[in-house]
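>>> Mind folding the following:
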Amino acid sequence: AASCSLTAKAARASSMRTIYSAHNVVVPVGPNTHDGIPGHLSIVTKDDHTAAEVAWFPYSMLQPLSTSVQEREAQASGQRGRYYDEYGIRAALHDIHSLRFHQGALYFSGAVEHLIVIMRGGVALPPFFFYGSRLFDFLEILSNFVCLTRSPDDPSVMRVSDIPQTSNFEVGRFVPNQLQADKRHADSTWNLWNRFARTTLDGLQYVMQRPPTAEEDITSERLQKTPLHDAGIRGSMVSPRGSVVETVQTDLGGFQVIAEKKTERPQSSDAATRAAPADPADVFLPLHRVERMPPLTEGEWIDHFDKDGRLQSADKLKSRIFLGGVEETARVVVWRYLLGMYPWDSTFEQREEIKAARTAEYNAYKTQWESITPEQEAHFEEFRDRKDRIDKDVVRTDREVPFYNGDNNPNIALLRSILLTYSFFNFDVGYVQGMNDILSVILIIMRDEVDAFWCFKLLMDQMAANFHKNQMGMHTQLWQLSNLVRLTDPELYSYLESIGAVNMFFCFRWILLRFKREFHFEDIMRVWEVQWACDTPAAFHLFLALAVLHDHKPRIIAKKMQFDDILKFTTNLALSLSAEELIMKAQCCMTNFIRMHGSLDVVMDATAMRIPSLN
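Numbering: from 1, shown residues only. As a prediction, the model looks like this:
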């Protein structure tokens, strides 16, 4: 079965063998040097060389090694002896879509080879930085298990074909000499690894899943991709720290949630001493309370037009929308301006010309994929792949909403057409799961294929980085959110730092979809239009996330939640959040933050984020 993690039952039944292990491979979890985790990146198989996997695990998952070995390798990567030992990463080779490799990048210091693994679902794993082994040695060994084909468009990308090759490698044959002292622990470590409860990849998949609706037939496909899925298992496993892990089957999209009874971990020695602004929590106080207003009505909107159809006082209108949102009946017009389809100072005549030109242009893009013959399609793998993913996703998109409900719903066909057309308009990004969620809301408002496409396209211009396969847009925003928490809530940041969660991956879905799955439909419309009317729209959703975290901070800390607990907790907040309350709090926090810091540059300036360049 295709899976990124073995089931607990399979783990007990199989014996994993280490084929190759690259030592001192660092996974970054934050913008600071001490937030990197050193460990091994290994290629492992079963005894018969089937079910090959790539897996990274921190040194602390090994049974105790000599202190000198740990200290030497920690010093080599500048880690100062600090270890995050709660998580590992693993992926079956047949679930990997491609590999992006770089011979040098400034992250900690100096030029460092690094590798980014991109899964077939579009999720990119955190970068792996090779400090102690050669990246291309790793790729050479990997090529014995899958077919690696260099992309003709980007020489730094290799496509992974699911063509396993028979290998007669001996265990340990390719293990570097430095690791011979550790080799005696390799197979025993894998016995432990196969009982490891959760992985970072599982967490990313978990937040992208949602409980299936009654109309979804997910029994075959989704269960194939469900990590740790075994409905007949309920027992105990041993975690890397020796605590008891209880497995409990849940109904969250078919995922098995692992609850671990952990011993309390010591607080980070440097977490409490991190510099913070004076009285940072003041951003949460109503120093400048933002008073919410009723939504902008259709009548108010019309009153702002002159005789030629130009809107007067665009800034005043946007401020009005920021403070109150838009009445439902006015959205179909107002959103066209907020998203940029129509210029704020355009006339009646100019808008008619824009609509005619946009319609012709859209039809030209749509014709490109509609005119592809079956024979052409048979030789067009990228198109087949995109079309298959779109076809699978659109039939699962918001089917509980009346607009998309029922069999043979023409609105589902519209959703499909727009997504396919966009994948031809934007070849670089194509289609990625989650775009269907974004378009769904816009199409409900526009009720027009052409207008929905252009509004979606303009929103994607703002959000496209969220869907790039290298995921650097997501890493940047999560870093910005982490920095915002550090500056405004040092108590929460210190706690997250102590459990190795300052990467904010538990907010991944919030940021990726701009909270689309966290609010009811009417509420997410209000959240989005307020954000689009904001002077700094690229920052508002970060303050919204900050407001949610601040509201639930007491429970997170009191319950001593670990990363997986927070991930499950934040995911389960979906559809329980109060939009108006959180909008008001986010606006208050943003206003106070700007008054205290002068601007948002200290949060939004990504040049301070020392991440690898993917250009």
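
>>> make it CA atoms for all contacts and neighbour counts henceforth
OK.

>>> report the longest strand in the protein, please.
strand 16-28 (DSSP state E).

>>> That strand pairs with which strands, and in what direction?
Taking DSSP bridges as the criterion, strand 16-28 pairs within the sheet with strand 36-46 (antiparallel), strand 128-130 (antiparallel).

>>> hey, least reliable of those strands by pLDDT?
Ranked by mean pLDDT, the strands paired with strand 16-28 end with strand 36-46 at the bottom, a mean of 81.

>>> and the next helix or strand after that one, what other elements does it pack with?
Once the chain leaves strand 36-46, the next helix or strand it forms, by DSSP states H and E, is strand 53-58. Applying 3 or more Cα pairs under 8 Å, 6 or more residues apart in numbering; DSSP states H and E, one finds that strand 53-58 contacts strand 36-46, strand 89-92.

>>> Give me the average confidence score over strand 53-58.
84.

>>> Kindly report the same for stretch 515-523.
Mean predicted confidence for stretch 515-523 is 96.

>>> could I have it exported to PDB, CA atoms only?
Output in PDB follows, covering the C-alpha atoms of stretch 515-523 (Å, rounded to 0.1, in the frame of the first residue of the first chain):
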ATOM      1  CA  PHE A 515      -8.400  30.300   7.100                       C
ATOM      2  CA  LYS A 516     -10.900  29.100   4.500                       C
ATOM      3  CA  ARG A 517     -11.500  25.800   6.200                       C
ATOM      4  CA  GLU A 518     -11.500  27.300   9.700                       C
ATOM      5  CA  PHE A 519     -14.700  29.500   9.300                       C
ATOM      6  CA  HIS A 520     -18.200  28.900   8.000                       C
ATOM      7  CA  PHE A 521     -18.800  30.200   4.500                       C
ATOM      8  CA  GLU A 522     -20.400  33.500   5.400                       C
ATOM      9  CA  ASP A 523     -17.600  34.200   7.900                       C
END
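
>>> sorry, back to before: ok, and which of the helices and strands packed on strand 53-58 has the densest surroundings?
Neighbour counts (mean count of other Cα atoms under 10 Å) averaged over each of the helices and strands packed on strand 53-58 peak at strand 36-46, with a mean of 24.

>>> And for the host helix or strand of residue 300, what's in contact with it?
Under the criterion of DSSP H and E, residue 300 resides in helix 298-303. With contacts defined as Cα atoms under 8 Å, 6 or more residues apart in numbering, helix 298-303 is touched by 327, 329-330.

>>> Now, of the residues you listed, which are buried?
327, 330 (16 or more other Cα atoms under 10 Å).

>>> What residue, apart from its backbone neighbours, is nearest residue 386 spatially?
Leaving out its chain neighbours, the residue that sits closest to residue 386 by Cα to Cα, 6 or more residues apart in numbering is residue 431, at 6.2 Å.

>>> How many residues are close by the one you found?
24 (other Cα atoms under 10 Å).

>>> ok, now how distant is it from residue 420?
Residue 431 sits at a distance of 8 Å from residue 420 (criterion: Cα to Cα, to the nearest Å).

>>> Which neighbours do these two have in common?
386, 390.

>>> Would you mind pulling up the elements that the helix or strand containing residue 116 packs against?
Taking DSSP H and E as the definition, residue 116 sits inside strand 113-119. Strand 113-119 sits against strand 96-102, strand 128-130, helix 135-142, with contacts defined as 3+ Cα pairs under 8 Å, 6+ apart.

>>> In its sheet, which strands sit next to the first one, and in what direction?
Looking at strand 96-102 with DSSP bridges, its paired strands and their directions are strand 113-119 (antiparallel), strand 157-161 (antiparallel).

>>> So for residue 343, which of the ones you listed sits nearest?
strand 113-119 (38.4 Å; Cα to Cα).

>>> ok and that closest one relative to strand 53-58, angle-wise?
120 degrees (axes from the mean of the first three to the mean of the last three Cα atoms, to 10 degrees).

>>> mean confidence score for strand 113-119?
87.

>>> Could you check the angle it makes with helix 135-142?
40 degrees.

>>> Please list the residues outside strand 113-119 that contact it.
Here strand 113-119 has contacts from 95-105, 124-131, 134-135, 469-470, using Cα under 8 Å, 6+ apart.

>>> ok so residue 543 is a strand residue?
No - Residue 543 sits outside any strand when classified using DSSP: H, G, I helix; E, B strand; the rest coil, being helix.

>>> Please tell me I have it right and it contacts residue 582.
No - Residue 543 is beyond contact range of residue 582, at 9.3 Å (criterion: Cα atoms under 8 Å).

>>> which one of those two has more residues nearby?
Comparing residue 543 with residue 582 by other Cα under 10 Å, the one with more neighbours is residue 543, at 22 against 19.
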